[in-house]
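Peer 1: Got a sequence here, can you model it:
(chains A and B)
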Amino acid sequence: MLRKKRCVAMLLAGGQGSRLGILTRHVAKPAVPFGGKYRIIDFPLSNCSNSGIDVVGVLTQYRPLELNAYIASGAPWDLDLVNGGVFVLPPYQTGATGEWYKGTANAIYQNLPFIDQYDPEYVLILSGDHIYKMDYAAMIAHHESHGADATIAVRQVPWDEASRFGIMNTDKDDNIIEFEEKPKNPKSNNASMGVYVFTWEKLRKYLTADEYDPKSQNDFGKNIIPAMLAEGQKLVAYSFNNYWKDVGTIESLWEANMDLLEEHPEIDLHDKKFRVYARNLAMIPQYVAASAQVDNCMITEGCEVYGHVMHSILSSGVVVEEGAQVIDSVIMPGAKIKKGAVVRRAIVAEDAVVESGAVVGEGEGLIAVVGQGAVVPDGKRVAAGEQFGEE
Amino acid sequence: MASAWLPANNSVKSEQEDKTVKNIMGIIYTADRENQLKELTAERAVAAVPICGRYRMIDFVLSGMVDSGIRNVGVITQKKYNSLMDHLGSGREWDLHGKRAGLVFLPPFTQSNNSVYTGLLDALHANLHYLRRSKERYTVCTDAHILFSAQFDAMVAQHEQSGADITLMYTRDPSTRRNSYGRYIRVEEDGRVSALESDPAVPHMPCTYLEAFCIRRELLITLVDEAVSRGCHHLTRDVLMEAISKQTMKVYGFENPGRAWPMDSVQSYFNCSMELLNKDTRDGLFPAERPVLTKLRDEMPTQHRPGAQVKNALIADGCIIEGTVENSILFRGVHIAKGAVVRNSIIMQDGEVLENAELEYCIMDKQSTVRPNGRLLATQNYPIVVAKNYIV
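Peer 2: Down below sits the predicted model:
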């Protein structure tokens, strides 16, 4: 028997994230680069580490190679422990049966033995699609002080966007009295953040029951939460009003990157007390040449800048050659922008090359995307909103 | 036992050598040359001096060893080694935190009878237990006060092939700084080293010895034992020089490609740093196939805020730049405030240059601050050093 843990975190990282289009063709969404030297999964993993949660199960299913390699021993997040640590949990065969994760709840159900090893009081359910810094310990304390069976983190969203979210209607004591998935006429703007704390004993019971319900979609939002509400369990909302952004679409991923370039960004990556950790190679400091013009940018190690970069993010190992222009864009690790190329309102994925004379993001409209490893040839014009790369 | 027919220089022990890793161990000697870099070495060994934005001097030889397949590295320290210990930690960043081998920290006074090391020979003698306990056939021993990209694997390959007793790493690069602090050698056409001079008033020999050599581990143990019993302290002067001049051993040279920068003064440190702003120079010190590893610090990317002007600069992560930076190197976490101007300077970790301050030809050590409107203008030939934690 392993040593008992008060709380075990389970991070759902198996989805494809198909709304990210070409960006998730080769990698799972949580492994998509963000903010110059991070990946989306760094945020929940660092939150765990900073909240004193030292057992994290990462449930993978879609294209796990890059994610596995990235997490590896968990050392960058201080999660390489003798007693605990980070564990990658893919679906597995069990003699006669064995199946893919059918839904978020089923993914946890299939890993009951993993959680049971630690005999926890609470289980924290997280997802790998949001950029935010959150002290889960405070949420667990809230769960405990309210004597809740389940606590759901909620955040106020603009009213006109509320119908895109799972909305929690609460009484004055934070008790959830109603849950509506993407309501047409929302009664409140408290959106679920997809962060849940459950009392393990209760969740275990509901997961098992859900598994034996053939009509269930085995999903937390659609099945587990409604079932608990229906049976009068105590569900409590925990409001969180700091920066939180879903980066499930190309536009929102771009916007979240651009948020970092605000004069006072709502999410502070500089804060030494609550660091966001990442796995990075030791690369040489960035070189900004005499020919370069850099204005309002975030640039990281391994970059070489000879051209003009404005209001953009350059990730590790990016080269912007002389005469090239990068404006309002996110350039992911290892990409090269050649002499005289123009990149505007775009995301250029890992190791892509924009050749001299190419233009990415021509015209007004949505964000243009260049896929991983793609080469945009001389003379090619990738229009705004277009995704360039292999089909 | 089969040992009877083995040549005298092979002992039974060598049969048990570990064949799964390259058969080389490394020793990095960090105890010498404490005061040449003035304030920069006031609280740290030369091996721990920060360089090129995010590295320490020792990273280059240590990464060179790791790249060469060396998995057992002893770091001999003497004084002011806190900074070095903090930097190296468990050796994780160099993949030297394994069970079977790894980084071995060798501080002084681990053996009851040793006092302060006068030279490398003393240091090796005090750590003979470590040399004896190691299993590798060859030892690569190096100092850490010269900045260069070392190809230790090629040196050992040549050492094996030539049948040398000792192989010295050197450079012929004419741009290498030569003065009365260095060691220079003459290498004959067949590769044999015919002469060595140490700290000459004026260097005569054409090649600069990079103070890294390769030797069979057991031969090193024998040499150290024997020399210490004769009352010697210095390996280079008392053992190597004698072996070369009297030709008692086969001493060969290995020419390491690329440039080398001995750090023997604040000026040489400054000049080297400025040379690294040149891409070709930098590419030579950081070959793509030989990554230089160092301690990681989880800084966010550097922010070039609106109004920042950066020209010809090397900048590590975690900086906030609101002012002007030209021909300079910024280490991690540096803040250049609005209106501040930094030219031809080196600002180490967490340094702050506040509003409208101006710096030229300065080296600011870690965590030092220049207050608003402060001015520190030096000249190229006499850069100013601002000591660690100092507020100007």
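
Peer 1: what ranges do the strands span in the stretch 1-150 of chain A?
Peer 2: Using DSSP state E, counting those that start in this stretch, the strands of the stretch 1-150 of chain A run over A:7-12, A:33-34, A:38-39, A:55-59, A:85-89, A:93-94, A:97-98, A:122-127, A:130-132, A:150-156.

Peer 1: Mind checking those for the one nearest to chain B?
Peer 2: Of all the strands of the stretch 1-150 of chain A, strand A:38-39 sits nearest to chain B, with 8.5 Å by Cβ to the nearest Cβ. All C-beta atoms are positioned from the backbone trio N, CA, C, and that covers glycine.

Peer 1: Identify the residues contacting the closest one?
Peer 2: Here strand A:38-39 makes contact (Cβ atoms under 8 Å, 6 or more residues apart in numbering or on different chains) with A:30-33, A:70, A:276, A:278.

Peer 1: So the nearest residue to residue A:269 once chain neighbours are set aside, which state does it fall into?
Peer 2: With Cβ to Cβ, 6 or more residues apart in numbering or on different chains as the criterion, residue A:269 has its nearest non-adjacent residue at 3.9 Å, and that residue is residue B:300. For residue B:300, the assignment made with DSSP: H, G, I helix; E, B strand; the rest coil gives coil.

Peer 1: buried set for stretch A:224-237?
Peer 2: Going by neighbour count (16 or more other Cβ atoms under 10 Å in any protein chain shown), the buried part of stretch A:224-237 is A:224-229, A:233-237.

Peer 1: ok so, going back, any idea which of the strands of the stretch 1-150 of chain A scores lowest on pLDDT?
Peer 2: Among the strands of the stretch 1-150 of chain A, strand A:97-98 has the lowest mean pLDDT, at a mean of 70.

Peer 1: Which pLDDT value belongs to the residue nearest to residue A:269?
Peer 2: Listed pLDDT for residue B:300 reads 95.

Peer 1: Over to residue A:310?
Peer 2: The model reports residue A:310 with a pLDDT of 97.

Peer 1: Pull the contacting residues for the residue in the stretch 1-150 of chain B positioned nearest to chain A.
Peer 2: Nearest residue of the stretch 1-150 of chain B to chain A (Cβ to the nearest Cβ) works out as residue B:53 at 3.5 Å. Neighbouring residues of residue B:53 by Cβ under 8 Å, 6+ apart: A:284-285, B:314-316, B:329-332.

Peer 1: That one belongs to a strand?
Peer 2: No. Going by three-state DSSP, the assignment for residue B:53 is coil, not a strand.

Peer 1: separation between it and residue B:203?
Peer 2: For residue B:53, the distance to residue B:203 equals 31 Å [Cβ to Cβ, to the nearest Å].

Peer 1: just residue B:276 next, same as before
Peer 2: Here residue B:276 is placed at a distance of 24 Å from residue B:203 (Cβ to Cβ).

Peer 1: With neighbour numbers in mind, choose between the two.
Peer 2: Taking other Cβ atoms under 10 Å in any protein chain shown, residue B:276 and residue B:203 do not tie; residue B:276 has more neighbours (23 against 16).

Peer 1: report the longest strand in the chain, please.
Peer 2: Here I'm looking at chain A. Within chain A, and with DSSP state E defining each element, the longest strand by residue count is strand A:190-199.

Peer 1: Oops, wrong one, chain B.
Peer 2: When chain B is parsed with DSSP E, its longest strand is strand B:207-216.

Peer 1: For it, enumerate the helices and strands it packs against.
Peer 2: strand B:138-143, strand B:146-148, helix B:152-162, strand B:166-171, strand B:183-187, strand B:251-255, strand B:260-262 (3 or more Cβ pairs under 8 Å, 6 or more residues apart in numbering or on different chains; DSSP states H and E).

Peer 1: just to revisit the earlier point, which one, of the strands of the stretch 1-150 of chain A, ends up nearest to residue B:84?
Peer 2: For residue B:84, the closest of the strands of the stretch 1-150 of chain A is strand A:85-89, at 29.2 Å, according to Cβ to Cβ.

Peer 1: Now the closest one - C-alpha only, CSV.
Peer 2: The C-alpha trace of strand A:85-89 is given here as CSV (Å, rounded to 0.1, in the frame of the first residue of the first chain):
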residue,chain,number,x,y,z
GLY,A,85,4.5,12.1,-8.8
VAL,A,86,3.0,12.4,-12.2
PHE,A,87,1.7,9.3,-14.0
VAL,A,88,0.7,9.0,-17.6
LEU,A,89,-2.4,6.8,-17.8
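
Peer 1: Which neighbouring elements make contact with it?
Peer 2: Using 3+ Cβ pairs under 8 Å, 6+ apart, strand A:85-89 sits against strand A:55-59, helix A:65-71.

Peer 1: Residues contacting the shortest one, please?
Peer 2: Strand A:55-59 is contacted by residues A:5, A:7-14, A:41, A:45, A:48, A:67, A:71, A:74, A:79, A:84-90, A:101, A:107-108, A:111, A:114-115, A:118, A:120, A:128 when judged by Cβ under 8 Å, 6+ apart.
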